[in-house]
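S.K.: Pasting a predicted model and its sequence here:
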Amino acid sequence: MNLPNKLTVLRIILVPFFVAALLIGFPLNELVALLLFIAASLTDLFDGKIARKRGLVTDFGKFADPLADKILVISALLCFVQLGLCDCVAVIIVLFREFAVTSIRLIAASKGKVIAANIWGKVKTVTQMVAVICVLVMQTVLDLGALGVTLPEVLSTVFLYTGEGLIWVSTFFAILSGVIYLKQNSHFISDK
């Protein structure tokens with residue numbers, strides 16, 4: 001297994017640790033979750049760059065890299081729903097998009113074709129990761145209040161609405177990229 005693929009697998013391995021850090025209440029758990037999410041996100045940045053630079057692009061990488069992104073982001077969004085930080089409708093939309101795109105990828109794979117992510121899928125992933133990181137940063141700031149740092153009470157409300165807004169922006173890009181993806185690859189599901 002080459003280095004880019006190892007980074008992709010590492011991203012998947014980091015997910016349970018991220019989820020545990022986010023959902024298990026301990027001092028500064030949001031900070032630990034934030035650091036784990038950033039580390040996992042950086043593996044996404046580096047695996048693609050290394051693969052292209054060193055000519056290490058593989059079919060496994062083309063398939064597993066976007067799958068690892070989906071696992072990471074959807075895990076974060078589901079945790080946010082449980083924590084009351086995200087609207088479940090946004091997560092349902094994202095899940096619908098991901099299942100639709102993955103279904104087309106599986107159909108293409110059954111026909112011997114591997115479909116790499118397009119630029120819109122990458123924009124979607126970046127907006128999702130930025131939204132998750134911003135929500136985690138805001139929750140980390142609020143966690144400082146639990147440690148005795150005085151914060152304005154309105155801050156939690158502002159952070160909640162800001163986080164929801166960022167998640168909805170990323171959901172918009174999920175819809176847009178999904179529609180473009182389905183349009184570009186509709187020939188895989190037609191009978192012709």
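M.R.: Ah, there it is. Numbering: from 1, shown residues only.

S.K.: what about the helices in the chain?
M.R.: 3-23, 29-53, 59-82, 88-110, 119-146, 154-184 (DSSP state H).

S.K.: Just send those helices back as TSV, with mean pLDDT too.
M.R.: Below are the helices of the chain laid out as TSV (pLDDT from 0 to 100):
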stretch	mean pLDDT
helix 3-23	96
helix 29-53	92
helix 59-82	91
helix 88-110	93
helix 119-146	91
helix 154-184	94
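
S.K.: which stretch among those helices comes nearest Ser190?
M.R.: Among these, the nearest to Ser190 by Cβ to Cβ is helix 88-110 (10.4 Å). Every C-beta, even on glycine, is put in place using the N, C-alpha and C of the backbone.

S.K.: pull the CA atoms of that closest one into CSV?
M.R.: Provided in CSV are the C-alpha atoms of helix 88-110 (Å, rounded to 0.1, in the frame of the first residue of the first chain):
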residue,chain,number,x,y,z
CYS,A,88,-31.0,16.8,10.9
VAL,A,89,-32.6,17.9,7.6
ALA,A,90,-29.1,19.0,6.4
VAL,A,91,-27.7,15.7,7.4
ILE,A,92,-30.5,13.8,5.5
ILE,A,93,-29.8,15.9,2.4
VAL,A,94,-26.1,15.2,2.6
LEU,A,95,-26.7,11.4,3.2
PHE,A,96,-29.1,11.3,0.2
ARG,A,97,-26.5,13.0,-2.0
GLU,A,98,-23.7,10.6,-0.7
PHE,A,99,-25.8,7.5,-1.3
ALA,A,100,-26.8,8.6,-4.8
VAL,A,101,-23.2,9.4,-5.8
THR,A,102,-21.8,6.2,-4.2
SER,A,103,-24.5,4.2,-6.1
ILE,A,104,-23.4,5.6,-9.4
ARG,A,105,-19.7,4.9,-8.5
LEU,A,106,-20.7,1.3,-7.7
ILE,A,107,-22.5,0.9,-11.0
ALA,A,108,-19.5,2.4,-12.8
ALA,A,109,-17.2,0.0,-10.9
SER,A,110,-19.4,-3.0,-11.9
